[in-house]
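K.L.:
From the sequence below, what's the structure:
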Amino acid sequence: MAKLTVLILAKNEEKNISDCIKSVLFADEILVIDDFSTDTTARIAEELGARVIQHSMDGNWGQQKTFGIEQASHPWIYLLDADERVTEPLKEEILKAINSEEKFVYYNARLNHFCGKVVRYSGWFPDYGIHLIPKDGSYVTGYVHEEIHYNYPVKKMPKSAYLLHYTYVSWEQYLRKLNNYTTLGARKKFDAGKRAGILDIIFHPLFGMFKIFFVQRAFLDGLTGCFLTVGHGISVFMKYSKLYYLGKGIGTADKEKS
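P.N.:
Below you'll find the model as predicted:
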């Protein structure tokens, strides 16, 4: 039987970490890379049998995941966030995949929740992402919306085998992350040589809102879909505004911790 490490990045996740770990107790190792939490995250994780390593993220999600991959004990790694839960159908697909004769990198779906509401449209489902990877040759780059690098062909798991993702539980959390992610997103573009003008600040948000509401049918998510459409527009506006001011040498996009 092939062996699996579940890799979880965490910081001050005492409200989430228990349910997260309990959903993956089938794994051979649960490895929590803790960004020096000041709450009981590390203690809860250890009490549930996880191996906890404290390591500073320093605003760089990619390097933190790469560090975790390097510390993993087993040849298969499942990448999981503290606000995610593995469902029974997904567990079965993971075990089937790691015991297959061939190695692939696997995408799986996520069913997202926003402030207690399930979001099935608005571009939020099936929300496929890479989660199951062979350790060999894999690493991650990028401050935010990071990119996973690998040496194997890819496969998609069935849409019915999804993660539960409790994305945002309050408006305060949403706005805090929005500010953090737009800062990191602007810095990522700036470091890649991108710059923004006034047309970027105006038209990128408008186009994004049109796409989410009409093409991705956010209106079918009701009032939640309206919130997400407007929130996306604000997020894009903030990111390009920050990029604009970085290009003018005004202000900085310093690394922030979520």
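K.L.:
Confidence-wise, which helix or strand of the protein is lowest on average?
P.N.:
In the chain, no helix or strand scores lower on mean pLDDT, DSSP states H and E than helix 171-191, which sits at a mean of 91.
K.L.:
Okay, buried residues for the following helix or strand past that one please.
P.N.:
Scanning forward in sequence from helix 171-191 by DSSP states H and E, the next helix or strand is helix 198-210. Using 16 or more other C-beta atoms under 10 Å as the burial criterion, the residues of helix 198-210 that qualify are 200-201, 204-205, 208-209. For the C-beta atoms, the positions are set from N, CA and C on the backbone; glycine is no exception.
K.L.:
Now distance to N151 and pLDDT too, for these, in TSV please.
P.N.:
TSV is the format used below for the buried residues of helix 198-210 (distance: C-beta to C-beta, whole Å; pLDDT from 0 to 100):
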residue	distance to N151	pLDDT
D200	36	97
I201	39	97
H204	34	98
P205	38	97
G208	34	97
M209	38	97
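K.L.:
Quick one: those residues as CSV, columns for distance to F26 too.
P.N.:
Output for those, formatted as CSV (distance: C-beta to C-beta, whole Å):
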residue, distance to F26
D200, 46
I201, 47
H204, 43
P205, 43
G208, 39
M209, 41
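K.L.:
mind listing what I133 touches?
P.N.:
69, 76-77, 79, 105-106, 148, 150, 152 (C-beta atoms under 8 Å, 6 or more residues apart in numbering).
K.L.:
Mind checking which of the residues you listed are buried?
P.N.:
Among the contacts of I133, those buried by neighbour count (16+ other C-beta under 10 Å) are 69, 76-77, 79, 105-106, 148, 150.
K.L.:
In strands, which of those appear?
P.N.:
Among the buried ones among the contacts of I133, DSSP state E puts 76-77, 79, 105-106, 148 in strands.
K.L.:
of those, closest to G116?
P.N.:
L79 (25.2 Å; C-beta to C-beta).
K.L.:
Report the two of the buried ones among the contacts of I133 separated the most.
P.N.:
I69 and Y106 (15.2 Å).
K.L.:
returning to what we had before: which one of the ones in strands among the buried ones among the contacts of I133 is nearest L228?
P.N.:
Of those, the one sitting nearest to L228 (C-beta to C-beta) turns out to be L79, at 24.2 Å.
K.L.:
No further questions, thank you.
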